[in-house]
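1. got a sequence here, can you model it:
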Amino acid sequence: MSSVSQPTLTSPNARRILPYAAILAAALLAILPLLLHGPSCGHDLPFHLLNWMDAAHQWRAGVLRPWWCAAAAWNAGEARFLFYPPLSWTLGGLLTAAFGAARAPLAYTFVALALCGVTMRRFLSEFVSAPLALVGGCLYLAHPYLLFTATERTAYAELLASAWLPWMLRELFRERISAARLALPVALLWLTNTPSSVLATYTLAVVLGVRAAVALRRGQPLLRPLLLPAVAGYLWGVALSAIFLLPALVQHSAVEVGQAFSSGMRPEDGTLFTHTGEPLHDQVVHQASILAVLLVGAAALAGLLWLAQRGRTERLHGMRDLTLQRSAGKGIVQPAFLLLTVLVTFLLTPASLLLWHHLPELHFLQFPWRILMLQGVLTVASIVSAIRVRLRYRVAIPVALLAVFALSFAAHHSYAQACDDEDLPTSLQAQYTSGSGFEPYDEYTPRDADNDLLHPGEPAAWTAEESSAPPPPVAQAHAHAVGTGSPGILTIQAEPRPGDHFLIVRQRAFRNWHVILDGVPVPQTVDRDDDLLAVPITGGVPHTLTLRYEWSPDQVAGVVISLLATGGFVVIRRPARRQLEAP
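-> Okay, here's the model as predicted:
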């Protein structure tokens with residue numbers, strides 16, 4: 001009889017599969033408290049879950065790229081899908097369609113944490129052993145700030161963006177930067193979360209500055225292996241995300257974007273241990289400040305340990321520590337970590353407010369403690385870099401999973417938010433399916449419009465002698481909506497009334513809505529503080545008004561640019577394949 005060899009931990013297949021299986025197990029352990037105790041109703045849960053349900057609804061209706069959220073603002077609509085990066089609500093919408101609204105937050109958290117572990121492990125594997133990189137990947141997906149983001153805040157877009165930052169750093173520390181490889185994480189960051197993208201842009205600039213300084217000191221070439229591909233990769237990533245970025249930039253003046261930086265959400269309201277007098281806000285700042293002290297302190301201790309070990313190695317062997325000298329980029333990893341940690345620490349203090357207010361777009365982070373997203377990467381990477389113990393998978397995996405288990409339950413105890421009945425995912429789903437709509441968000445409100453004038457339960461349209469007339473009871477509206485089955489088309493039928501008057505539609509004016517009255521296009525007319533459409537009509541005859549959402553030129557251009565940028569990957573891969581196939 002022939003014996004069949006069994007796979008072992010040292011076999012090539014096991015080495016390929018084990019790290020991913022361990023990270024999936026770690027991500028499952030990280031959400032175990034949520035599976036046992038129910039969801040955490042963090043600050044942003046209603047916003048994200050309602051977006052996911054609306055995206056799933058629009059896909060079922062045949063709208064492949066949602067731009068307008070009709071149920072928002074109590075069915076007056078918002079352009080939130082135009083101004084909010086699409087990757088997080090696309091993933092959330094897919095998970096909602098697959099698992100239902102009640103399970104979608106758990107599934108989303110699992111997927112995002114697993115991606116964080118995968119990308120961090122791949123980044124760390126460039127300069128530490130594979131088992132240590134696995135430990136680092138597991139620690140990263142369960143480090144306190146990430147779980148704070150997932151449970152206290154349920155800031156799902158930022159949570160997903162945390163997976164792309166290690167990927168970008170991995171490409172930046174390569175000996176020769178590849179524009180194509182760098183473009184992917186840059187694009188994913190812009191398509192996931194705008195504050196994280198701004199943070200990543202500044203991080204990229206600092207790392208490039210460090211690498212350029214080291215290259216000049218060593219007399220190494222600077223432009224072709226470093227600066228040119230980095231700049232090209234960043235611009236390529238921006239082009240890939242043009243489907244979102246271009247329309248958002250062109251049309252941002254149409255909405256109250258500045259509301260995102262109102263009192264309580266300014267940089268000066270989020271520095272270390274700031275007190276504003278708002279209890280909930282101060283509690284979050286206090287928790288984030290404690291996390292900042294822990295993360296920065298751990299990174300500093302790990303950096304000092306690394307420096308001491310490096311000095312000892314140089315004294316004993318008369319050469320630099322080869323574990324961090326495999327290439328020009330990786331040779332400066334730990335010093336770059338230390339410099340970035342110093343910058344993060346400074347930006348968390350009130351002394352940095354001048355930078356927050358004057359560096360281009362830095363204020364988009366809103367809260368200085370959001371920079372802990374970067375510090376989480378730096379701290380875990382610094383700790384792993386300082387470890388000089390040789391590990392094997394049979395030891396690394398249990399250690400990593402035990403650490404994740406402890407961190408996840410500690411974080412759940414500290415950060416999990418109790419759910420009011422109206423905030424439960426099942427309650428939010430019932431609210432959405434009821435057709436009553438949901439509350440507006442200030443930053444997506446049309447400029448100079450008053451959200452306080454909108455209320456649930458008002459008619460979809462009504463006729464009145466004055467364009468500014470308030471909504472009557474539904475029975476007295478003399479107009480009603482006709483179902484079309486498409487979220488991009490709204491049809492209103494108005495009953496005949498004597499005299500010229502106005503047909504007022506419960507639809508917020510936006511330039512993408514085209515108004516067709518009795519088959520004839522007419523200009524949008526708005527003379528209301530709530531920014532609802534008011535169209536003049538003649539009396540004595542019935543009228544049919546159709547609103548049709550049509551893509552603007554900037555939306556079309558954004559899609560075209562993204563498609564062309566995507567086609568660039570095909571162009572550069574063909575020559576590479578031909579070289580591989582050449583005899």
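
2. all the helices of the stretch 451-583 of the chain, residue numbers only.
-> For the stretch 451-583 of the chain, applying DSSP state H, counting those that start in this stretch gives helices covering 553-581.

3. equivalent analysis for the stretch 51-200 of the chain, please.
-> For the stretch 51-200 of the chain, the helices defined by DSSP H, counting those that start in this stretch occupy 72-75, 80-83, 86-99, 104-124, 130-141, 144-148, 156-161, 164-172, 179-192, 194-218.

4. on contacts alone, who are the packing partners of the second one?
-> Counting contacts by 3 or more C-beta pairs under 8 Å, 6 or more residues apart in numbering; DSSP states H and E, the secondary-structure elements packed against helix 80-83 are helix 45-60, helix 242-251. All C-beta spots, glycine's among them, are computed from the backbone N, C-alpha and C.

5. mind redoing it with 7 Å?
-> helix 242-251 (3 or more C-beta pairs under 7 Å, 6 or more residues apart in numbering; DSSP states H and E).

6. among the helices of the stretch 51-200 of the chain, which comes closest to Val404?
-> Closest of the helices of the stretch 51-200 of the chain to Val404 is helix 130-141, at 5.3 Å (criterion: C-beta to C-beta).

7. give the buried residues for that closest one.
-> Neighbour counts over helix 130-141 (16 or more other C-beta atoms under 10 Å) mark Ala130, Pro131, Leu132, Ala133, Leu134, Val135, Gly136, Gly137, Cys138, Leu139, Tyr140, Leu141 as buried.

8. alpha carbons of it, in CSV - could you do that?
-> Output in CSV follows, covering the C-alpha atoms of helix 130-141 (Å, rounded to 0.1, in the frame of the first residue of the first chain):
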residue,chain,number,x,y,z
ALA,A,130,5.8,35.4,8.2
PRO,A,131,4.6,34.2,11.6
LEU,A,132,5.4,37.6,13.1
ALA,A,133,3.6,39.3,10.2
LEU,A,134,0.5,37.1,11.0
VAL,A,135,0.6,38.1,14.7
GLY,A,136,0.8,41.8,13.6
GLY,A,137,-2.1,41.3,11.2
CYS,A,138,-4.3,39.9,13.9
LEU,A,139,-3.3,42.6,16.4
TYR,A,140,-4.1,45.2,13.9
LEU,A,141,-7.6,44.0,13.1
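
9. let's have the helices of the stretch 51-200 of the chain in TSV, adding distance to Gly558 and mean pLDDT.
-> Putting those into TSV (distance: least, C-beta to C-beta, whole Å; pLDDT from 0 to 100) gives the following:
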stretch	distance to Gly558	mean pLDDT
helix 72-75	22	94
helix 80-83	10	94
helix 86-99	11	97
helix 104-124	25	97
helix 130-141	32	96
helix 144-148	31	97
helix 156-161	19	98
helix 164-172	20	96
helix 179-192	11	97
helix 194-218	15	93
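
10. now these in a markdown table, with distance to Pro247?
-> Output for the helices of the stretch 51-200 of the chain, formatted as a markdown table (distance: least, C-beta to C-beta, whole Å):
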| stretch | distance to Pro247 |
| --- | --- |
| helix 72-75 | 18 |
| helix 80-83 | 6 |
| helix 86-99 | 11 |
| helix 104-124 | 25 |
| helix 130-141 | 33 |
| helix 144-148 | 31 |
| helix 156-161 | 18 |
| helix 164-172 | 22 |
| helix 179-192 | 13 |
| helix 194-218 | 13 |
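
11. spatially nearest residue to Ile387, not counting backbone neighbours?
-> The shortest distance from Ile387 to any non-neighbouring residue, by C-beta to C-beta, 6 or more residues apart in numbering, is to Leu132 (6.0 Å).

12. could you chop the protein up by domain?
-> As given by automatic domain parsing, the domain ranges for the chain are 20-58+70-162+392-429, 168-252+552-583, 270-388, 458-550.
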